[in-house]
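> sequence and predicted structure, then a few things I'm wondering about:
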Amino acid sequence: MDMTVTRNPAYDGFEDKEFVTRDQVTLHYMVKGKGKPLIFIHGWSGDSRNFMFNAPVLARDFRVYVLDLRGHGYSEAPSHGARIARLSKDLQEFIDALFTEKVCIIAYSMGCTVVWSYIDLFGQELVDKLVFVDEAPFLLGNPADSEDEIRLYGGNKMDLWKLRNAVYEGVDYSGVFAESFQRPGKNKNNAEMEAIAEKVVNPPFHHEFLGELLRDHINQDWRDVFSRITVPVLLISGEIGFATTHECCEWMSREIKNCTWIPFMEEDYGTHSLMQNSPEKFNRIVLAFIN
């Protein structure tokens with residue numbers, strides 16, 4: 001791997017490293033700082049860019065690790081393992097290999113489901129605190145359910161195979177994606193922050209791996225996990241975005257025993273990109289929660 005290609009100016013001072021999983025897949029991650037370990041887990045098709053306004057700031061107070069999941073960023077994209085369970089196994093191996101103390105995890109979008117799978121399969125004994133950012137418990141709307149029932153779990157009525165095939169075949173899938181995730185709301189991002197992020201060089205996009213992973217991701221129902229989470233949780237959601245509903249976040253906040261829920265509103269640019277839109281507020285809230 002040519003480590004020079006990962007240079008995002010926001011991550012100056014971070015060290016590029018590699019971790020090899022037991023099935024011999026090389027994962028890329030960056031690390032900086034001292035103190036309590038804090039792991040960032042990005043969303044579907046994402047990478048360290050998801051956290052470029054957050055991880056560098058929090059590295060002033062913590063030992064921050066920004067991990068590229070398999071098939072994402074500058075990690076390897078193998079011909080196998082394009083499922084949430086395998087990604088959570090990678091996370092388990094990563095934690096077991098690198099840490100002797102409990103870790104805090106900030107998970108965004110699909111990254112939340114990787115952590116939910118990790119808890120389901122491996123427990124939470126090695127976890128101190130969790131931050132879940134804007135992910136619904138079940139994305140695939142059941143055609144037999146009413147609209148109110150679907151909003152309670154954050155689902156979407158969609159043609160999943162149509163979406164998967166558009167991504168897998170490497171065509172422009174933006175129209176199918178918008179068709180699949182329809183929410184009322186402004187979905188307005190902070191143009192200034194968006195312009196800064198768009199200047200960063202994009203890593204490879206592994207469309208076949210990501211297409212298969214998206215199909216598995218959207219099919220997963222995580223509702224039975226939340227009542228079993230015992231560690232402190234900070235739940236952050238975007239009130240004008242497409243990824244969650246107010247109803248599903250309210251439900252999750254009740255199901256999780258020790259949960260603080262903070263919705264980002266329209267004045268906070270509370271879309272799915274809320275961390276990028278309002279980094280100062282996000283970083284302040286997360287810092288206060290972890291400390």
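Structure received.

> what packs against the helix or strand of the chain with the lowest mean pLDDT?
Lowest by mean pLDDT, DSSP states H and E among the helices and strands of the chain is helix 191-198, with a mean of 87. Under the contact criterion of 3 or more Cβ pairs under 8 Å, 6 or more residues apart in numbering; DSSP states H and E, helix 191-198 touches helix 274-277. No exception for glycine: its C-beta is placed from N, CA and C like everyone else's.

> residue ranges with poor pLDDT in the protein?
1-6, 184-187 (pLDDT under 70).

> again, only this time at 80
1-7, 183-187 (pLDDT under 80).

> any idea where the strands of it begin and end?
Applying DSSP state E to the chain gives strands spanning 15-20, 26-32, 37-41, 63-67, 103-108, 127-133, 233-238, 259-264.

> so Leu287 makes contact with Arg60?
No - counting by Cβ atoms under 8 Å, Leu287 stays clear of Arg60, with 9.3 Å between them.

> the strands of the chain into TSV, with extra columns for mean neighbour count?
As requested, the strands of the chain are exported to TSV (neighbours: other Cβ atoms under 10 Å):
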stretch	mean neighbour count
strand 15-20	14
strand 26-32	21
strand 37-41	24
strand 63-67	25
strand 103-108	25
strand 127-133	23
strand 233-238	24
strand 259-264	18
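
> any chance of the ones you listed in CSV, plus distance to Arg83?
Listed next are those as CSV, based on distance: least, Cβ to Cβ, whole Å:
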stretch, distance to Arg83
strand 15-20, 19
strand 26-32, 16
strand 37-41, 16
strand 63-67, 17
strand 103-108, 17
strand 127-133, 20
strand 233-238, 24
strand 259-264, 27
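
> select, out of the ones you listed, the one closest to Glu212.
strand 26-32 (18.0 Å; Cβ to Cβ).

> mind listing the strands that closest one pairs with, and their directions?
Counting by DSSP bridges, the strands paired with strand 26-32 are strand 15-20 (antiparallel), strand 63-67 (antiparallel).

> so can I have TSV of those strands showing distance to Trp44?
Below are the strands paired with strand 26-32 laid out as TSV (distance: least, Cβ to Cβ, whole Å):
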stretch	distance to Trp44
strand 15-20	20
strand 63-67	14
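
> returning to that earlier point: give me the distance from the least confident helix or strand of the chain to the chain's centre.
Its chain's C-alpha centre and that of helix 191-198 lie 19 Å apart, by Cα atoms, centre = their mean, to the nearest Å.

> what are the buried residues along it?
193, 197 (16 or more other Cβ atoms under 10 Å).

> would you map the helices across this protein?
55-58, 84-98, 110-122, 147-153, 160-168, 174-180, 191-198, 207-219, 246-255, 274-277, 279-290 (DSSP state H).

> okay, those, which one's buried deepest?
helix 274-277 (a mean of 25; mean count of other Cβ atoms under 10 Å).
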